[in-house]
Each structure stands twice: as structure tokens, then as C-alpha cells.
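1. Fold the following for me, if possible:
(2 chains)
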There are 2 protein chains.
Amino acid sequence: MIQAVVGVDLGGTSIVVGVVPSDGGAVWGLASQSTPLTGGPTAIIAQIAQMVNESVRMANRTSGATRLDVRGIGIGAPGPLDTNRGIVLFAPNLNWRDVPLRDEVARATGLPAALENDANCATLGEWWRGAARDGRFVVGITVGTGIGGGIVLDGRLYHGAADVAGEIGHTTIAYAGRRCACGNYGCLEAYASGPAIAARAREALDAGTASSIETYVGGDRSAVTAATVYQAANDGDPLALEVVTDTARYLGTGIANIVNVLNPDLVVVQGGVTLAGDRLLAPLRAEVSRRAFRPAVNACRIVPGTLTGTAGVYGAAAAFRLLHDGTL
Amino acid sequence: MIQAVVGVDLGGTSIVVGVVPSDGGAVWGLASQSTPLTGGPTAIIAQIAQMVNESVRMANRTSGATRLDVRGIGIGAPGPLDTNRGIVLFAPNLNWRDVPLRDEVARATGLPAALENDANCATLGEWWRGAARDGRFVVGITVGTGIGGGIVLDGRLYHGAADVAGEIGHTTIAYAGRRCACGNYGCLEAYASGPAIAARAREALDAGTASSIETYVGGDRSAVTAATVYQAANDGDPLALEVVTDTARYLGTGIANIVNVLNPDLVVVQGGVTLAGDRLLAPLRAEVSRRAFRPAVNACRIVPGTLTGTAGVYGAAAAFRLLHDGTL
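-> Predicted coordinates for the structure are as follows:
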């Protein structure tokens, strides 16, 4: 009998579910579906339950003769959350307020469940099974539509006083800088999130900079995304390369702050931004090196995540086990 | 018999020594002398030993009939340090490199010793006996000639991977901002340290702003210090008030970053800057409130330190006990 935990990664765009065996094997019965936003919490919870059941069925088929003992469900969700009570307090991407997600999923599936912040799960997943495996003081930074973060110290998630630790995206790198969606000025997220990367490229195009970026979107500047910029950068477009290098500097500044404060031995960069590869990582590491203390820089490896698409699933399963067993 | 530990706070300007009884009483035999910089490590270590002996003598007199059992010495020193080996790796203010301070002090006094970073000691002292007593996730920020920081999580100092965690002074609040002594641009320390506060006041005076600040220094602008600015602010001088408010905004920005990342329940502000009182703390709290996440702000009290001049001594003694007993 193989023990396993179901990991659920709930996002504003998609729901990813998989069965993670405790013995360290790869995830079974992995499935992804788009999030049924229009149906509200009821529709989303029903879909999670259906996906969990289907995933367990698939996993049982994959595991063959060996019976699976599915112990429970770990759920990664956008926050802020009340993890102790299992409640999503507020999730703008889902348009949720005060949804008792943990208990609703447990009721719908008949399995015990645990709730954890999605960025925490992504970091925990990379620490458990991915690029951050050897780290003792690990900081994860996920760059996508927003910028989230997670902190794993001595093999446990660090939550802080109110379950909201790790909000790296809303640390200030320029106190009088760009306006952020959160209402403040100069947040890292206002410079280096996917939409911010696209916005900086568009601003340069609007200012008349010649670039092949426009050809990727048929001349429709409003269709430029961060992915377009990485694509053009890979083809050597000078503006795109500049936007990527600037992004690296901004992220490097934010990460240097974390390195100076937390002195981690491992920082794992996750999310869409890793598509830019070493074009991003090399100048990012250089910026950290420039800004952070020498002993802190020397002690810290900065690596891209390796569990593309599954870090959240692994991490959600790990969060369940940490909560129930105290260890992995 | 009362158990006690000697606390030593070694700085570039002065050495403060006192005997801290383990039962929670006030420090005994407190003494402060200026640091004999010209004699190098030998002179400083000899003076520490002499001050320790004298402090123990005074404490024994104060404690009266009850015998003191002095268990050892905790030493707070500027860093970076190698705390495990008891070595000051590099201390520009002392002009030291690779000084085995812990073992030299132990040899000179015949008492076991422990070495800890000075900013860590200041925070630990406030947590043990001062304003941060109730905190579970505590960040201390000491604003003086430089800006240092310490992190106490669940009653233990957080050191990070290379003993350099808590370098809040060199977190960036303006990636293309003021040049810092460390060589970078936009460090918090370049805006809000004592010398930076004086420099901003001088710049405004040089630009022709009328202010009573000059009268405090007999018209000699080079003599303006942060203390001059606080003095003029207390007398209602508009420029001085502006400099203090700006300082509060810069510090608030740096602290908001810490609040978003570490989600502490207590931030204790220490050092000369607390002389500015609520003129500084009120706008500082407002800036944190503006920039940090609501649940993180609500969970966090920001208080001035109360152990003026002795936080480092208490903290050094606490560091010794944490190392030897694992608890306080």
C-alpha cells in the first residue's frame, strides 16, 4: 500500500489537481481545467471535488496492483487566508470573500483537507521535490500576473503573525515609483510582474522605439504580453532585451532586499518569467550581487524552479502532510 | 545565590558593560567607557576584561549578602561575525579583521564567553526585558550612525545561512536613489541613518532654506547632526520638522517591506532616532500602514525601544544564555 495525498492548486485561471505519493515518486493522475469563475464558490468547489475523485481514479489505475491509501487533500489557494480555520478571506481573482474552502472540499470529497497559500505551496513544492531541495533557509518568488512569495525555514513554512508572510511583490523598490494595482507606489510587482513587463514594452513602443515585438501581435500593441517580450528577446530584439534586462534589475533589487534581511541559502524564482531563461537570471544574479552583502551573496544560490506547472500541486500535498505529520 | 551573566556591548565609540541577573532584575555594575581604538584589538580586549572584572566587583557589592554566580560573558560586537567560531570577521568602525574576540575575552577573564552581532543583541535585549517583550515574531531596527537590524522568532535569534540576517539598513527603498557608503544606491541607510538625516538638513540649508537649525551650531553647517535636527524640530522649526517627517517616511517604507515579508507582531525602533519621539513615530506608522498589507499592519505593533543604552548589554547576556541553556 502506497500512501498518497491529493494536491490541489486553485488559481484564477485554472485548477490543477494531482495525486502525490509519499514515497517521493512523480505525481499521478495530473489534470488541469479552467476555473469556472461564473458559478461562484459552489461551482468551483464542485469542480475541485470532481477533479479530486477523477485524479484518484486515474492514480489508482496508474499505480496498478499496489493499492493507494489516499490520506487527504492539500489545497493551495490565493489569499489572504485564515489557514487555521481553512478560510479564504479575500481573493480578488476569484471574487471570493470568506469562503470556508477547506471544510467544503472535505465535505464534498469525504477526505480531510488542509488549506495553504498558493505562493507558499509553490515554494514548499520546490523545496520538497524540486530546485530548492537542499535549502535550509529558502525563499521562493513566483512571478506571474502578480508576484508572490513563500518562505521555508528549516523545512517548515514560515507564516508570520497573521498568515501573510512572504508578500515580496508588494515590497517597495522605489518609494516614489510606479503606481501599483494595490494603490501604492514603487512595489516590485508594479515593475516586474507579467503585466508590468508588458506595460513597459508598450510604453517604449508608444514612445516610438522600433521593435519586432509588434510583429508578434500583428501590430496590436494592446495584445503584447510578457511572453511576447520573451519571444522577441530570444530572437535578439534590442527593445525586448532591454525590457528583460530591466526586469532582471528590478527583481534583483527586490531579491537583494530579501537576501540582506533573511540571508537565505536558496532563492527559487518561479512562474512565467523563468521562460526568459539566463537572459533574465544572469543580470538578476548580478544585481543581487551588487546590492546585497558579500557573505549573504556568497551563501545564496539563486535558481529557477524546475516543477513547471506542478510545484503548487506538490506543495499543497506537502502542506497537508506538514500539518498532519509535522514533517515530510 | 543569584545566577548572572555579564553583558558587553562593544561599539566603535564606547564599550558598555553590566551584570545581568538571570532572575529578571535590573542590570548591576553598569559602566561605559570610550573605545580605545588606537591600541587595536589588544587594547580593546584588555579594556573589556578590566571592565568585566570591575563590573562583577560592583555587582557583588550591590547584591549585598546574596552571592553572585557569574556564569559567563555575552559580547555584542559589530560584524559581520562568525558567531560559531567567535570571530569578528570585519568591523570597519573598529578597523578589525578576523579577531577571535570570544576566546580572547574568555582567556583574559577566565569566564566562558559568547559572541553575537550588536544589532541582534539590541533586539534580543528589547525582547527579553524591554518594549518587545510580548512579541513572537520580532524585528528590531536600530537607527544610529548606521542602520542595523535583528530578528527574534519564537524567542530565538534568526541568523540565516551566513550569520548576516537582519541587514535592514542596506535594503533598497529607491533603486536609483541616493548613494550609500556601502557603494550601492538607494539603501535605507543612505536616507535615514543619523549622518543621512544631517546631510539632508545641510543640503536644504545649502539650498537657502531658512531654518533655526544653524543657530544650534553657531552657523557652522558642518556641525549639524541628527540630534541638532531633532532639537530644532522640537522647537517647531519647519525645515527640521520636514526632515524628521521625511525620515519617518523612509523608515516607514523600509519597515513596510519587512512587515510584508516577515509579518511580525512587533517592530521595535531603537537608537538615537527615537529622540524625535512621536514626531517621528506617528508618520512612520502612517507610512507602514499605507504601504503594507492590511492584515500584516493590523497584526503589528511598532514601538520605540525602552532600554536606552542598555538594550545591547541585556541582549548580549541573553545571547550567552540562549547559547548555553537553549532558553531564557
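2. Quick check: A:Gly186 vs B:Val243, distance?
-> According to CB to CB, to the nearest Å, A:Gly186 stands 21 Å off from B:Val243. All C-beta atoms are positioned from the backbone trio N, CA, C, and that covers glycine.
3. Neighbour count for these two, which is higher?
-> B:Val243 (27 against 23; other CB atoms under 10 Å in any protein chain shown).
4. Please look at that one and B:Arg202 and confirm they touch.
-> No - at 9.9 Å, B:Val243 does not count as touching B:Arg202 under the criterion of CB atoms under 8 Å.
5. Enumerate the residues of the stretch 101-250 of chain A near chain B.
-> Residues of the stretch 101-250 of chain A lying close to chain B (CB under 8 Å from any CB of the partner chain) are A:136-137, A:149, A:151, A:153, A:158-168, A:170-177, A:184, A:186, A:249-250.
6. Give me the buried subset of these.
-> For these, a neighbour count by 16 or more other CB atoms under 10 Å in any protein chain shown gives the buried set as A:137, A:149, A:151, A:153, A:158-168, A:170-175, A:177, A:184, A:186, A:249-250.
7. any idea how far whatever residue of the stretch 201-328 of chain A ends up closest to chain B lies from A:Ser22?
-> For the stretch 201-328 of chain A and chain B, the shortest gap (CB to the nearest CB) falls at A:Asn263, measuring 2.5 Å. The spacing between A:Asn263 and A:Ser22, counted by CB to CB, is 32 Å.
8. These two: who's more crowded?
-> Using other CB under 10 Å as the criterion, A:Asn263 and A:Ser22 rank with A:Asn263 on top: 27 against 16.
9. quick one: contacts for that one?
-> A:Asn263 is in contact with A:137, A:296, A:299-300, B:159-167, counting by CB atoms under 8 Å, 6 or more residues apart in numbering or on different chains.
10. of the residues you listed, closest to B:Val8?
-> Nearest to B:Val8 among those is B:Asp163, at 18.4 Å by CB to CB.
11. what about that closest one, is that helix, strand or coil?
-> Here B:Asp163 is recorded as coil under DSSP: H, G, I helix; E, B strand; the rest coil.
12. Domain map for chain A?
-> A:2-127+A:309-325, A:133-304 (automatic domain parsing).
13. Those domains into TSV, with extra columns for mean pLDDT?
-> Converted to TSV, the domains of chain A look like this (pLDDT from 0 to 100):
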stretch	mean pLDDT
domain A:2-127+A:309-325	94
domain A:133-304	96
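14. Can you give me the neighbour number for A:Asn95?
-> 12.
15. Just give the nearest non-adjacent residue to it, would you?
-> Distance criterion CB to CB, 6 or more residues apart in numbering or on different chains; nearest residue to A:Asn95, sequence neighbours excluded, is A:Leu37 at 7.0 Å.
16. Neighbours of the one you found, how many?
-> Neighbour tally, A:Leu37, other CB under 10 Å: 14.
17. so what's it up against?
-> Per CB under 8 Å, 6+ apart, neighbours of A:Leu37: A:12, A:44, A:94-95.
18. does the residue nearest to A:Ile141 when sequence neighbours are not counted count as helix, strand or coil?
-> Excluding its sequence neighbours, the residue lying closest to A:Ile141 (CB to CB, 6+ apart) is A:Gly149, at 5.0 Å. Secondary structure assignment for A:Gly149 (three-state DSSP): strand.
19. Report the contact partners of A:Gly149.
-> Applying CB under 8 Å, 6+ apart to A:Gly149 gives the contacts A:119, A:123, A:139-142, A:166-169, A:258, B:261.
20. who's in contact with the helix or strand containing A:Gln47?
-> A:Gln47 belongs to helix A:40-63 when assigned by DSSP states H and E. Applying CB under 8 Å, 6+ apart, the contact partners of helix A:40-63 are A:2, A:4, A:6, A:8, A:10, A:15, A:17-19, A:21, A:28-31, A:33, A:35-37, A:39, A:67-68, A:70, A:73, A:75, A:94-96, A:99, A:101, A:104-105, A:108-109, A:111.
21. Buried residues of that helix, list them for me.
-> Using 16+ other CB under 10 Å as the test for burial, helix A:40-63 gives A:41, A:44-45, A:47-49, A:51-53, A:55-56, A:58-60, A:63.
22. Same check on stretch A:7-25?
-> For stretch A:7-25, by 16+ other CB under 10 Å, it's A:7-11, A:15-22.
23. And the closest residue to A:Ala299 other than its chain neighbours, how close does it get to A:Thr35?
-> Excluding the flanking residues, the one nearest A:Ala299 by CB to CB, 6+ apart is B:Ala162, at 3.7 Å. In this view, B:Ala162 and A:Thr35 are 42 Å apart by CB to CB.
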